[in-house]
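**Student:** would you be able to build a 3D model of this:
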Amino acid sequence: MAFDEKLMAELELLVKFPRSSLHQGIKIHKNADQDILSAAERLYAKGVIDQPDGGYLTDLGHDLLVHIDQVHSALK
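**Tutor:** Coordinates of the predicted model:
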């Protein structure tokens, strides 16, 4: 299993979502870096976020964020 640039961009964007509340999301502006915009569109297509420009995490997105935090904590 390889972690290519696209996957890394998606993971980096995912960890930017707030953890303190399910009612907080992020907005990615149209003038953001193209890699970030593309990562958001891919996460939206995968059902991880509810808008192609950020929005809120879906249930799947929340689950993934928990797992990412666990992996990060174990490896640091």
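**Student:** for Ala2, see how far away Lys76 is.
**Tutor:** Lys76 sits 22 Å away from Ala2, going by C-beta to C-beta, to the nearest Å. All C-beta atoms are positioned from the backbone trio N, CA, C, and that covers glycine.
**Student:** test my guess that Leu13 contacts Leu37.
**Tutor:** No. Contact criterion C-beta atoms under 8 Å: Leu13 and Leu37 do not qualify, at 9.7 Å.
**Student:** and for the two, which residues touch both?
**Tutor:** When contacts are counted by C-beta atoms under 8 Å, 6 or more residues apart in numbering, Leu13 and Leu37 have Ile28 as shared neighbours.
**Student:** among those two, which residue is more densely surrounded?
**Tutor:** Leu13 (23 against 19; other C-beta atoms under 10 Å).
**Student:** looks to me like the more buried one is in a helix.
**Tutor:** Yes. Checked against DSSP: H, G, I helix; E, B strand; the rest coil, Leu13 lies within a helix.
**Student:** what sits against it?
**Tutor:** Here Leu13 is in contact with Ile28, Ile36, Ala39, Ala40, Leu43 (criterion: C-beta under 8 Å, 6+ apart).
**Student:** from the residues you listed, which ones fall inside helices?
**Tutor:** Ile36, Ala39, Ala40, Leu43 (DSSP state H).
**Student:** which residues does the second one contact?
**Tutor:** Contact partners of Ala39, counting by C-beta under 8 Å, 6+ apart, are Lys6, Ala9, Glu10, Glu12, Leu13.
**Student:** swap in the first one?
**Tutor:** The contact partners of Ile36, by C-beta under 8 Å, 6+ apart, come to Ala9, Leu13, Ile28.
**Student:** which residues touch the spatially most central residue of the chain?
**Tutor:** In the chain, the centroid-proximal residue (C-alpha atoms, centre = their mean) is Leu14; its distance is 2.0 Å. With contact taken as C-beta under 8 Å, 6+ apart, Leu14 is in contact with Leu43, Val48, Gly61, Leu64, Leu65, Ile68.
**Student:** list the buried ones in the host helix or strand of the third one?
**Tutor:** By that I understand Gly61. Here Gly61 sits within helix 59-75, counting by DSSP states H and E. For helix 59-75, a neighbour-count test (16 or more other C-beta atoms under 10 Å) marks Gly61, Leu64, Leu65 as buried.
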